[in-house]
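predicted model follows, preceded by the sequence.
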Amino acid sequence: MAPHLLLVLRILFFLTGVSDAQSVSTVSHVSIKQGGSITIPCLYNQRYRNNVKYWCRGYNWLGCSTVVRTDHPKTSRKTSISDDINQRVFTVTMTSLSPNDSDYYWCIVERNSKADDGGRLQISVTPGTPELYVDQQQMTGVVGGRVTVLCYYSSQGSSGRWCRMGGPCVAGGHYGALDGTCVKLVQEESRTSNGYVLMVTMSGLMIENTGWYWCEKGDLQMPVHITVNQPTTTQSTTTNQNNGGTDEMQQEKNQRLERMFFYLLKAGSALLFLLCTIIAVVKFRENRHQDDTKDALTPESCFWRNLPTVCTKYFFPERNNNTLSVQNIMNESRQ
């Protein structure tokens with residue numbers, strides 16, 4: 001079809017279908033390093049499963065240039081397109097990017113009797129480090145396991161977010177849940193780059209968690225696809241080995257506690273023995289002092305020291321508690 005005729009049709013479809021709600025969504029702005037590649041997901045409504053989808057370049061939808069289509073051509077130089085009708089997502093992959101590829105692009109669904117439906121995004125290719133990037137866009141996990149995504153960014157600024165495409169988001173520094181899976185976001189300084197990192201951990205994975213997500217920082221997003229598989233025999237064996245290692249660590253910990261208890265028991269016994277020894281020595285010294293006091297007493301000393309009660313007890317115990325006077329003690333001692 002001639003380009004000018006196609007433009008006329010787009011204008012007519014736009015005028016007749018402008019009131020339709022947008023049913024195609026994607027990221028709004030991505031930043032990629034020169035020479036790198038990017039995969040852009042485009043989510044569409046269920047009713048567009050069998051429609052043709054295409055990737056278009058240009059700021060305005062009405063005047064954009066088609067690059068690839070899901071019918072033909074599916075590949076054009078360094079750009080390719082594929083459609084997953086089960087996930088309702090078509091993806092566009094661009095490789096060997098250069099600054100000349102920086103532009104606005106459109107994810108568009110072709111409709112026969114109405115205006116085409118689409119969503120626009122911006123792609124920025126930079127020779128230096130991108131403002132927001134990940135190590136890899138494809139991550140894999142197993143049911144019941146966890147997966148961690150590291151999203152790197154250049155400036156701290158506002159807190160980042162982790163979003164499910166077409167779904168809710170979880171803000172940085174918080175715990176949350178996406179489709180029944182726990183999500184933890186931690187922001188900290190990066191040890192491998194001059195910037196910061198948003199560490200996203202999804203645990204308790206389920207098959208339903210398979211799909212597209214994105215890191216978000218300011219007006220930038222970076223899409224990431226997570227695939228959740230059933231655990232294989234090898235993975236189950238690895239899990240069992242990990243559990244075995246955990247049991248060994250627990251056993252070693254119990255042994256350390258037993259040794260600590262044994263040493264504490266020995267120390268307690270030694271302390272008790274020392275305490276008993278001190279008490280015995282003190283008691284012995286008191287008795288010895290009493291004996292020395294008794295040996296040192298004489299009736300004359302009782303007289304001079306005026307100790308009738310003590311002298312009566314030592315010299316005349318038969319008097320019981322009848323205390324003699326000092327003079328009587330002297331008299332009776334001479335008899």
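All right, it came through fine.

contacts only, for Leu185.
Listed by CB atoms under 8 Å, 6 or more residues apart in numbering, the contact partners of Leu185 are 160-162, 170-176, 198-201. Where you see a C-beta, it was placed from the backbone N, CA and C, and this is true even at glycine.

buried ones among those residues?
Buried by 16 or more other CB atoms under 10 Å: 160-162, 170, 172, 198, 200, out of these.

need the three-state assignment for Val125.
Under DSSP: H, G, I helix; E, B strand; the rest coil, Val125 falls in the strand class.

low-confidence stretches in the stretch 51-200 of the chain?
Applying pLDDT under 70 to the stretch 51-200 of the chain picks out residues 157.

give me the residue at the spatial middle of the protein.
Lys184 (5.0 Å; CA atoms, centre = their mean).

element containing it, please.
Per DSSP states H and E: Lys184 is located in strand 181-189.

report the buried residues of that strand.
So strand 181-189, judged by 16+ other CB under 10 Å, has buried residues 181, 183-185, 187.

in TSV, list those residues along with distance to Asp84.
TSV is the format used below for the buried residues of strand 181-189 (distance: CB to CB, whole Å):
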residue	distance to Asp84
Thr181	21
Val183	23
Lys184	28
Leu185	27
Gln187	32
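
nearest to Phe284, of the residues you listed?
Nearest to Phe284 out of those is Lys184 (CB to CB; 67.7 Å).

residue contacts, that closest one?
Counting by CB under 8 Å, 6+ apart, Lys184 has contacts 175, 200-201, 203.

same question for Leu121.
Contacts of Leu121 (CB under 8 Å, 6+ apart): 26-30, 40, 104-107.

let's see that with 10 Å instead.
The contact partners of Leu121, by CB atoms under 10 Å, 6 or more residues apart in numbering, come to 25-30, 40, 42, 104-107, 221.

of those, buried ones?
Looks like the contacts of Leu121 have 25-27, 29-30, 40, 42, 104-107, 221 buried, using 16+ other CB under 10 Å.

so which of those sit within strands?
Judged by DSSP state E, the subset of these located in strands is 25, 29-30, 40, 42, 104-107, 221.

got TSV for these, with distance to Trp214 too?
Shown next, in TSV, are these (distance: CB to CB, whole Å):
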residue	distance to Trp214
Ser25	11
His29	11
Val30	9
Ile40	10
Cys42	13
Tyr104	18
Tyr105	16
Trp106	18
Cys107	14
Gln221	4
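
out of the contacts of Leu185, which sit inside strands?
161-162, 170-171, 175-176, 198-201.

let's have those in a markdown table, adding distance to Asp84.
Formatted as a markdown table, those follow (distance: CB to CB, whole Å):
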| residue | distance to Asp84 |
| --- | --- |
| Arg161 | 24 |
| Trp162 | 22 |
| Val170 | 24 |
| Ala171 | 29 |
| Tyr175 | 30 |
| Gly176 | 26 |
| Leu198 | 27 |
| Met199 | 28 |
| Val200 | 23 |
| Thr201 | 26 |
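
what's the closest of those to Lys74?
Trp162 (31.1 Å).

beta-bridge partners for that closest one, please?
When assigned by DSSP bridges, Trp162 has beta-bridge partners Val170, Cys215.

how about the contacts made by it?
149, 151, 168-172, 174, 176, 178, 183-185, 198, 200-202, 213-216, 224.

what are the phi and psi values for Gly63?
phi -120, psi 20 (degrees, to the nearest 10).

state the distance from it to Trp106.
11 Å (CB to CB, to the nearest Å).

one more: Val281?
97 Å.

equivalent analysis for Thr227, please.
On the measure of CB to CB, Thr227 and Trp106 end up 27 Å apart.

buried ones in stretch 108-117?
Buried, per 16+ other CB under 10 Å, within stretch 108-117: 108-111, 115-117.

now the terminal residues of it, how far apart.
6 Å (CA to CA, to the nearest Å).

likewise stretch 124-143?
By CA to CA, the extent of stretch 124-143 from end to end equals 36 Å.

quick one: that stretch to chain centroid distance?
20 Å (CA atoms, centre = their mean, to the nearest Å).

about what we covered before: how about the contacts of Lys184 in CSV, adding distance to Asn86?
CSV is the format used below for those (distance: CB to CB, whole Å):
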residue, distance to Asn86
Tyr175, 30
Val200, 25
Thr201, 27
Ser203, 25
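
what's the closest of those to Ile123?
Val200 (22.7 Å).

so who does the closest one touch?
Val200 touches 134, 139, 147-151, 160-162, 170, 172, 183-186, 213, 215, 224, counting by CB under 10 Å, 6+ apart.

which secondary structure element is home to Glu286?
Here Glu286 is assigned to helix 233-296, by DSSP H and E.

mean confidence score for that helix?
Here helix 233-296 scores 66 as its mean pLDDT.

from the contacts of Leu185, pick the one nearest Val68.
Once CB to CB is applied, the member of the contacts of Leu185 that ends up nearest Val68 is Trp162, at 29.2 Å.

from Val67, how far out is that closest one?
Distance from Trp162 to Val67, by CB to CB: 30 Å.

and Trp212, by the same measure?
20 Å.
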